[in-house]
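[1] coords below, sequence missing:
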């Protein structure tokens, strides 16, 4: 009897989530766009296909990809996290405090988990809107970061630097970062009940039936809080990567990462209303932004103009989504 009852509950739950998992967004569109961008840059500049630029492109894309994947967890449940940029800067500042790596690396993830837990608590228990809750956290974390590290500097543990620089078996270290992060995210989203629950919760919210997932026995608030924890931890991982790359702590290194991450997720076909999206779409969206930034740098486009273009892309992509289903 218990097994039959569990099966009866799991089957409708699976249907609720699979309906959304089957609708993984328009990820084919950004894939085509990425291919066209690569072709255009190849024809426009001779520097694009050089090994040096391609390695630099991978390294540039990695922190955004990691951050966007974390943002995906929150957006799938109809939320948003604007504090990820500050978490990235905070992570680099903590890693540059001069303590041993075996102390600092676990510390940044514990602190990131605490930040995510606070965000999730504010959203689920205090009923604060995700934008307001995470915007407040953004300023809190940024303030603490600038107390710890007013200007760029400090010493990053050698183990962090070694994990980012150089190569192993002929492949640059950022490639291994990408492989590990994608496998981890894939396991969480598609190989665990946690991921199934995120899609189910977001599907209910997008349909206007917020209690649908809870009616199937899902601990909605707990899973939403865990989504924010995952988002902050992925942001911390991006901060570790950046700290190893710039070999210092920097209070400004995470500036605008939150908007770039949201843009990458949206370009990848994920609906901000929740429940519809995919990991591969988010990765493709990150690649599109990385190609765009790399191409504009090669063409000597002003950084200020680049910011305007990225903002316009975010506005355009979100404008294509139905406002009736917009959860933010």
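    Nice, I can see it. Just so we're clear, the structure is a prediction, and the values are computed from it rather than from any experiment. Numbering: from 1, shown residues only.
[2] So which residues make contact with whichever strand or helix holds residue 266?
    Using DSSP states H and E, residue 266 sits in helix 257-267. Contact with helix 257-267 is made by 30, 33, 63-65, 67-68, 70-72, 75, 80-85, 88, 138, 235, 238, 272, 277, 282, 284-286, 288-289, 310-311, 313-314, 317-318, 321, as judged by Cβ atoms under 8 Å, 6 or more residues apart in numbering. (Glycine included, C-beta is placed from N, CA and C.)
[3] ok, so what distance separates the residue positioned nearest the centre of the chain from residue 223?
    Residue closest to the average C-alpha location in the chain (Cα atoms, centre = their mean): residue 68, at 2.3 Å. Distance, residue 68 to residue 223, by Cβ to Cβ, to the nearest Å: 20 Å.
[4] elements contacting the helix or strand encompassing residue 242?
    Per DSSP H and E: residue 242 is located in helix 220-246. Applying 3 or more Cβ pairs under 8 Å, 6 or more residues apart in numbering; DSSP states H and E, we find helix 220-246 packed against helix 51-76, helix 84-95, helix 101-124, helix 158-164, helix 173-190, helix 193-206.
[5] Off-centre distance for the helix holding residue 266?
    Put simply, helix 257-267 sits 8 Å off its chain's centre (Cα atoms, centre = their mean, to the nearest Å).
[6] and if you look at stretch 160-177?
    On Cα atoms, centre = their mean, the centre of stretch 160-177 falls 21 Å from that of its chain.
[7] what residue ranges in the stretch 201-328 of the chain score low on pLDDT?
    Filtered on pLDDT under 70, the stretch 201-328 of the chain yields the residue ranges 206-213, 215-216, 322-328.
[8] redo that, cut-off 80
    Scanning the stretch 201-328 of the chain for pLDDT under 80 picks out the ranges 203-217, 318-328.
[9] for the closest residue to residue 60 other than its chain neighbours, phi and psi?
    Take residue 60 and drop its neighbours on the chain: the residue closest to it by Cβ to Cβ, 6 or more residues apart in numbering is residue 290, 5.7 Å away. Main-chain torsions, residue 290, degrees, to the nearest 10: phi -60, psi -40.
[10] what's the neighbour count on residue 290?
    Residue 290: 23 surrounding residues under other Cβ atoms under 10 Å.
[11] for residue 259, same thing?
    16.
[12] so what's the residue lying closest to residue 64 once chain neighbours are set aside up against?
    The shortest distance from residue 64 to any non-neighbouring residue, by Cβ to Cβ, 6+ apart, is to residue 286 (5.1 Å). For residue 286, the contact set (Cβ under 8 Å, 6+ apart) comprises 61, 64, 65, 68, 264, 268.
[13] The fourth one and residue 56, how far apart?
    To residue 56, residue 68 is 19 Å away according to Cβ to Cβ.
[14] picking that back up, I figured the residue nearest to residue 60 hits residue 56, correct?
    No. The criterion here is Cβ atoms under 8 Å, and residue 290 misses it with residue 56 at 10.2 Å.
[15] one step back: now do the helix holding residue 242 against helix 257-267, angle only.
    110 degrees (axes from the mean of the first three to the mean of the last three Cα atoms, to 10 degrees).
[16] Start the count at 559 instead of 1 going forward.
    With 559 as the first residue, the last one maps to helix 778-804.
[17] Many thanks, have a good one.
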